[in-house]
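Visitor: no letters, just coordinates:
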Ligand code: SF4
Ligand code: SF4
């Protein structure tokens, strides 16, 4: 992406970030930032400046709690911006390995966290059906899930990711 294209893309999506005054309210409000190196203000600043925000691992530490968005004095849709930037990153093939793995599991078996023998045993102890009402119980539905994921290009997106 070109220098200004992130903020332009966000603006096209109805998200204006260039009014940020770098007050830091977002960073000070961020629960994720209390436990990680994530600085919301820095993400906004870099997106405004056109520096490489797409490869910033902090992008993926946001829990999308929306606290920053509620408190921003400029009413910037910060959380929506982070989600939109993530979407751009993924479409450019930039995805964390763990996310890619989870995505591939959804593609392969219809579950991000496939059931295993331990979970099956727990379910039996709780007098539940061993298998949930998903593709685990109805494996014939898996091809439908895969067709849907293929129709929206999710399969290629995951296969093409290289991060
Ligand atoms: S709270 Fe809003 S104005 Fe303040 S630094 Fe964060 S994004 Fe910028
Ligand atoms: S939405 Fe994300 S960036 Fe904003 S306060 Fe919550 S965790 Fe932090």
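Guide: Right, received. Where do you want to start? Everything numeric in this text was worked out from a predicted model, so none of it was measured. Numbers count the residues shown, from 1 in each chain. Ligands and ions are numbered 1, 2, ... in the order given.
Visitor: next secondary structure element downstream of the host helix or strand of residue 147?
Guide: Residue 147 is part of helix 142-151 when elements are defined by DSSP states H and E. Later in the chain than helix 142-151, the nearest helix or strand by DSSP H and E is helix 154-160.
Visitor: list of residues touching that following helix?
Guide: Residues outside helix 154-160 that contact it (C-beta atoms under 8 Å, 6 or more residues apart in numbering): 90-91, 93, 95, 100, 103-104, 107, 146, 149. (Each C-beta comes from the backbone N, C-alpha and C, glycine too.)
Visitor: switch to 10 Å and redo it
Guide: Helix 154-160 is touched from outside by 90-93, 95, 99-107, 146-150, 153, with contacts defined as C-beta atoms under 10 Å, 6 or more residues apart in numbering.
Visitor: of those residues, buried ones?
Guide: 90, 95, 99-100, 102-103, 106-107, 146, 149 (16 or more other C-beta atoms under 10 Å).
Visitor: so which of the residues you listed are in strands?
Guide: Among those, no member falls in strands (DSSP state E).
Visitor: touching, residue 57 and residue 96? I think so.
Guide: Yes - because the distance of 7.4 Å satisfies C-beta atoms under 10 Å, residue 57 is recorded as touching residue 96.
Visitor: skipping its backbone neighbours, what lies nearest residue 142 in space?
Guide: residue 135 (4.6 Å; C-beta to C-beta, 6 or more residues apart in numbering).
Visitor: how near is the one you found to residue 110?
Guide: Residue 135 is 4 Å from residue 110, where distance means C-beta to C-beta, to the nearest Å.
Visitor: give me the common contacts of these two.
Guide: 141-146.
Visitor: more crowded one of residue 57 and residue 96?
Guide: Neighbour comparison, residue 57 and residue 96: the larger count goes to residue 96, with 15 against 11 (by other C-beta atoms under 10 Å).
Visitor: secondary structure element for the closest residue to residue 21 other than its chain neighbours?
Guide: In space, and not counting its chain neighbours, residue 21 is closest to residue 74: 6.3 Å by C-beta to C-beta, 6+ apart. Taking DSSP H and E as the definition, residue 74 sits outside all helices and strands.
Visitor: so what are the domain limits for the protein?
Guide: 5-91, 97-160 (automatic domain parsing).
Visitor: which residues of the protein lie near ligand 2?
Guide: Residues of the chain lying close to ligand 2 by C-beta under 6 Å from any ligand atom are 29-32, 40, 62-68, 78-79.
Visitor: shaky segments in this structure?
Guide: 1-4, 160-163 (pLDDT under 70).
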